[in-house]
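this one's sequence-less:
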Ligand code: ADP
């Protein structure tokens, strides 16, 4: 089984002709409210593929929290680990202009209250999970506690987004660490970044993870481990909206690893899942079923 530990946000989206400057008020479209947050997105993406998936997260005792719980349950995610209360549900306030450029304010809310103690209280979820997938929209202490709570033989997958420098204990547990170019550069900090994605992957691997995956958008991905560095071809599609592609990719990869796939095989499958997701508008609504991935 797959356990996702991470954020759940309500995405509040308004289309505008022009994003407002300081002190300015602009009129926009009707408000659209979508379930989002990297943790919630990954759990839905995995469940839609057919993975037995649980989510450990925290939402507020409010309408946004109920929206998130409903969307998880509708996708078939086990929500016994979704804790309620402590702060309002996390929110992303998003304005989008006609060219697709956006401005976003995130209020972490309840995500910031998902505590190490909540991880310890979820021991039975950890015991039942072959793979635990985490991102960084929750406190770093909570991520450290996840690493310490892994069941024997279970695998830790981390997408460090939004990126920040990571303690050695967390880096050493990653199998794999999944980064895009921006995340790779932040994790590497001042150390030599190198010229090519292969360079980033090798330098990241030297920082301690057991394996590394670098995602390259329309260029596909590459995987790196002690066995070497392998390119994963992308699938050519007409991209309409890349929102959530990284979450779909990570969820698919984590699930496939749990079923016993080798890293390169799992990444090739994940690239197909990411490719379907970019052919559709939105995040959670864009995630494919296994049959839709098969049909690609
Ligand atoms: P992130 O959103 O985290 O930056 P990417 O944009 O690299 O992640 O997307 C994750 C994966 O989704 C890519 O590695 C690739 O396999 C797939 N993908 C993303 N964009 C495209 C695209 N335009 N065409 C085909 N596949 C894509």
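Cool, the structure landed. The structure displayed is predicted, hence computed values, not measured ones. Residues are numbered from 1 along each chain as shown.

Quick check: the closest residue to the ligand within the stretch 101-250 of the chain vs residue 64, distance?
Closest approach between the stretch 101-250 of the chain and the ligand, counting by CB to the nearest ligand atom: residue 246, at 2.3 Å. C-beta coordinates here come from the backbone N, C-alpha and C atoms, glycine included. For residue 246, the distance to residue 64 equals 23 Å [CB to CB, to the nearest Å].

what residues does the chain put near the ligand?
180, 215-218, 220-221, 234-235, 237, 239, 242, 245-246, 249, 271, 274-275, 278 (CB under 6 Å from any ligand atom).

one more time with 8 Å, if that's ok
Within the chain, the residues that sit near the ligand (CB under 8 Å from any ligand atom) are 159, 161, 180-183, 215-221, 232, 234-237, 239, 242-250, 270-275, 277-278.

The residues you listed in strands, which ones?
159, 215, 221, 232 (DSSP state E).

Any idea what the last one is bridged to?
Legend: beta-bridge partners of residue 232 under DSSP bridges are residue 221.

Isn't it up against residue 215?
No - taking contacts as CB atoms under 8 Å, residue 232 lies outside contact range of residue 215: 9.1 Å.

Of those two, which one has the most company?
residue 215 (27 against 22; other CB atoms under 10 Å).

ok, now which ones touch that one?
Going by CB atoms under 8 Å, 6 or more residues apart in numbering, residue 215 touches 178-180, 221, 246, 249, 274.

now with 6 Å?
When contacts are counted by CB atoms under 6 Å, 6 or more residues apart in numbering, residue 215 is found next to 180, 221, 249.

Kindly report the same for residue 181.
Residue 181 neighbours (CB under 6 Å, 6+ apart): none.

If we use 10 Å, what do you get?
193, 197, 200, 214-217 (CB atoms under 10 Å, 6 or more residues apart in numbering).

Please, a ChimeraX command that selects the buried ones among the residues you listed?
In ChimeraX, this line selects whichever of the contacts of residue 181 come out buried by 16 or more other CB atoms under 10 Å:
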select :197,200,214,215
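
Go through the contacts of residue 181 and name the one nearest residue 101.
residue 217 (17.4 Å; CB to CB).

isn't that closest one right next to residue 278, touching?
Yes - using CB atoms under 10 Å, residue 217 is in contact with residue 278, at 8.7 Å.

Quick check: neighbours shared by these two?
What both residue 217 and residue 278 touch, as defined by CB under 10 Å, 6+ apart, is the set 234, 239, 242, 245.

By neighbours, which of those residues wins?
residue 245 (26 neighbours).

Test my guess that that residue contacts residue 272.
No - assessed by CB under 10 Å, residue 245 is found out of contact with residue 272, at 11.6 Å.

Report the mean confidence score over stretch 97-116.
Mean pLDDT, computed over stretch 97-116, is 95.

Buried ones in it, by neighbour count?
Those would be 106-116, for stretch 97-116 by 16+ other CB under 10 Å.

what residues are up against the residue of the stretch 101-250 of the chain closest to the ligand?
Here residue 246 is in contact with 38, 41-42, 135, 159, 161, 178-180, 183, 215, 217, 274, 277 (criterion: CB under 10 Å, 6+ apart).

Quick one: buried ones out of these?
38, 41-42, 135, 159, 161, 178-180, 183, 215, 274, 277.

what's the helix or strand for residue 209?
Residue 209 is part of no helix or strand, with elements assigned from DSSP states H and E.

Contact partners for it?
156, 158, 166, 170-179, 187, 201, 224-225.

Show me which of those residues are buried.
Here, 16+ other CB under 10 Å leaves 156, 158, 166, 170-171, 173-179, 187, 201, 224-225 buried among those.

what's the closest of the contacts of residue 181 to residue 258?
residue 215 (19.3 Å).

and the closest one, what are its bridge partners?
Counting by DSSP bridges, the residues bridging with residue 215 are residue 221.

Residue ranges in the stretch 101-250 of the chain under the pLDDT threshold?
Along the stretch 101-250 of the chain, the model assigns pLDDT under 70 to residues 190-193.
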